[in-house]
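A.B. asks: pasting the sequence and the predicted model now:
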Amino acid sequence: MEGETLSFMKVWLSVIASLCYCYAIGRKVPKGTKRLICFLPIICLFLFLPLNLSSPHLVGVTGFFIAWLANFKLLLFAFGKGPLTSYLSFPLFIAVSCLPIKVQQNPSPKSHPNGDDRRKSNQNGQNLNKEGPLNYAIKGILLAILVRIYDYSEYMHPKIILLLYAFHIYFMLELILAISATLVRALLGLELEPQFNEPYLATSLQDFWGKRWNLMVTSILRPTVYEPTLKIASKIIDRKWAPLPAVFSTFLVSAVMHELIFYYLGRLRPNWEITWFFLIHGFCLTAEIALKKAIAGKLRFPWVVSGPLTVVFVMSTGCWLFFPQFTRCKIDERAFEEYAALGAFLKNFWPEYLGISSV
């Protein structure tokens, strides 16, 4: 474990040094092809660095943060677009580059003193995720309970275990993203956009993927994939239908990036089930958007119908194609070993820290 921790530190020192170079290039080299060429070695390095780690938690977080989010932000920055173009100070550039955060462009002057925006609403009047210690404390407790439930997995049906993986991923992702945002908020005093918005309350696939699930990924895929594809499609087909290929292309790119993350986690050749999961969702969401445009609001299902249907579809396709990859790559077994090692460490650490000797 000590060797893995040392490797993790080396990887992130390399990331920070690389971003120092990118920050200097951004100030010296004009946007366009020349800046992109200067960034390409760093983009390739960020794709390679996660391979130096083996811990599922460390490699998963590192791969997501730098191979996906940081690389996409650097691609946008090369052409003078994206979140990195707004920040001139070095600490802000580093934080926004390598962490899954998005700074609020028009923060409310009446925000809570600790930085929480208690009742931020989107354009449709929906309340976004209520950030706060209690919310994350509850999810942390639920995650700990889930870890203990896994001790009895031999008595549970495999499908039940896959459902538990779904909740595990949601709680883990939200906590990791919340911790990153909290650190940046505390150190730099910024107001940040929420990362999730109660995805279990989604009323459609469009609502789930566009407004509720992992909003950081949504915000980075929009300018890198969706908008360029929409611009090209608008020149070929009617603008009313141009979003359809743009949406499907976005899911295709997301599928490729998820395959990459799972390769980091398992070091196994892809079986493309992850790709099929996102292609199915991309196709269904495209069909949903096309149907909405065709009927133009003439038919709307009540939430008690559309909500459960959406959740059942997401969970059933996830249990079919997505969650089995955790077992295939033995991510679950390795993660449980890490939990056990962490528990043993804390069990030995606290008595020593408090000066209590075992009898």
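C.D. replies: Yes, it's here. Numbering: from 1, shown residues only.
A.B. asks: ok, and the closest non-adjacent residue to Gly26?
C.D. replies: Of all residues not flanking Gly26 in the chain, Phe77 sits nearest, at 6.3 Å (C-beta to C-beta, 6 or more residues apart in numbering). All C-beta atoms are positioned from the backbone trio N, CA, C, and that covers glycine.
A.B. asks: from Leu74, how far out is Ile101?
C.D. replies: 16 Å (C-beta to C-beta, to the nearest Å).
A.B. asks: what segments of the stretch 251-359 of the chain are helices?
C.D. replies: Ranges of helices in the stretch 251-359 of the chain, per DSSP state H, counting those that start in this stretch, are 273-295, 303-317, 324-328, 331-353.
A.B. asks: can you pull the contacts of Ile280?
C.D. replies: Thr317, Leu321 (C-beta atoms under 8 Å, 6 or more residues apart in numbering).
A.B. asks: picking that back up, list the contacts of the helix or strand encompassing the residue nearest to Gly26.
C.D. replies: In this structure, Phe77 sits in helix 71-78 according to DSSP states H and E. When contacts are defined by C-beta under 8 Å, 6+ apart, helix 71-78 is touched by residues 22, 26, 31-32, 35-36, 39, 42-43, 46-47, 82-85, 96-97, 220-221, 223-224.
A.B. asks: ok, now stretch 287-298?
C.D. replies: Ser204, Leu205, Gln206, Lys240, Trp241, Pro243, Leu244, Val247.
A.B. asks: got the CA positions of it in PDB?
C.D. replies: Output of stretch 287-298 as PDB, limited to C-alpha atoms (Å, rounded to 0.1, in the frame of the first residue of the first chain):
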ATOM      1  CA  ALA A 287     -35.800   8.700 -30.100                       C
ATOM      2  CA  GLU A 288     -37.300  10.400 -27.000                       C
ATOM      3  CA  ILE A 289     -36.200  13.900 -28.200                       C
ATOM      4  CA  ALA A 290     -37.500  13.100 -31.700                       C
ATOM      5  CA  LEU A 291     -40.900  12.100 -30.300                       C
ATOM      6  CA  LYS A 292     -41.100  15.200 -28.100                       C
ATOM      7  CA  LYS A 293     -40.400  17.400 -31.200                       C
ATOM      8  CA  ALA A 294     -43.000  15.500 -33.200                       C
ATOM      9  CA  ILE A 295     -45.900  15.700 -30.700                       C
ATOM     10  CA  ALA A 296     -44.800  19.300 -29.600                       C
ATOM     11  CA  GLY A 297     -46.000  19.000 -26.000                       C
ATOM     12  CA  LYS A 298     -49.400  17.500 -26.900                       C
END
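A.B. asks: centre of the chain to that stretch, how far?
C.D. replies: 29 Å (C-alpha atoms, centre = their mean, to the nearest Å).
A.B. asks: buried set for stretch 226-233?
C.D. replies: Tyr226, Thr229, Leu230, Ala233 (16 or more other C-beta atoms under 10 Å).
A.B. asks: now for those: which two are most distant?
C.D. replies: Tyr226 and Ala233 (10.3 Å; C-beta to C-beta).
A.B. asks: what do these two both touch?
C.D. replies: Going by C-beta under 8 Å, 6+ apart, residues that sit against Tyr226 and also against Ala233 are Ala246.
A.B. asks: can you report how many residues lie near Lys163?
C.D. replies: Just to correct that, residue 163 is Leu rather than Lys. 16 (other C-beta atoms under 10 Å).
A.B. asks: the helix or strand harbouring it to helix 303-317, inter-axis angle?
C.D. replies: Element membership for Leu163 (DSSP H and E) is helix 158-188. Helix 158-188 and helix 303-317 are oriented at 100 degrees to each other (axes from the mean of the first three to the mean of the last three C-alpha atoms, to 10 degrees).
A.B. asks: list the helices and strands helix 158-188 packs on?
C.D. replies: helix 90-98, helix 133-149 (3 or more C-beta pairs under 8 Å, 6 or more residues apart in numbering; DSSP states H and E).
A.B. asks: got the buried residues for that helix?
C.D. replies: Neighbour-count burial for helix 158-188 [16+ other C-beta under 10 Å]: 161-165, 167-168, 170-178, 180-182, 184-185.
A.B. asks: what's downstream of that helix, the next helix or strand?
C.D. replies: helix 205-207.
A.B. asks: contacts for that following helix, please.
C.D. replies: Counting by C-beta under 8 Å, 6+ apart, His281, Cys284, Leu285, Glu288, Ile289, Lys292, Thr310, Phe313, Val314 sit against helix 205-207.
A.B. asks: hmm, try it at 6 Å
C.D. replies: Helix 205-207 is contacted by residues Cys284, Leu285, Glu288 when judged by C-beta atoms under 6 Å, 6 or more residues apart in numbering.
A.B. asks: which of these ranks first by neighbour count?
C.D. replies: Leu285 (21 neighbours).
A.B. asks: returning to what we had before: C-alpha coordinates for the helix holding Phe77, CSV please?
C.D. replies: In CSV, the C-alpha atoms belonging to helix 71-78 read as follows (Å, rounded to 0.1, in the frame of the first residue of the first chain):
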residue,chain,number,x,y,z
ASN,A,71,-7.7,16.4,-21.3
PHE,A,72,-11.1,17.7,-22.6
LYS,A,73,-10.5,21.0,-20.9
LEU,A,74,-7.1,21.3,-22.4
LEU,A,75,-8.5,20.6,-25.9
LEU,A,76,-11.0,23.4,-25.4
PHE,A,77,-8.4,25.7,-24.0
ALA,A,78,-6.2,25.1,-27.1
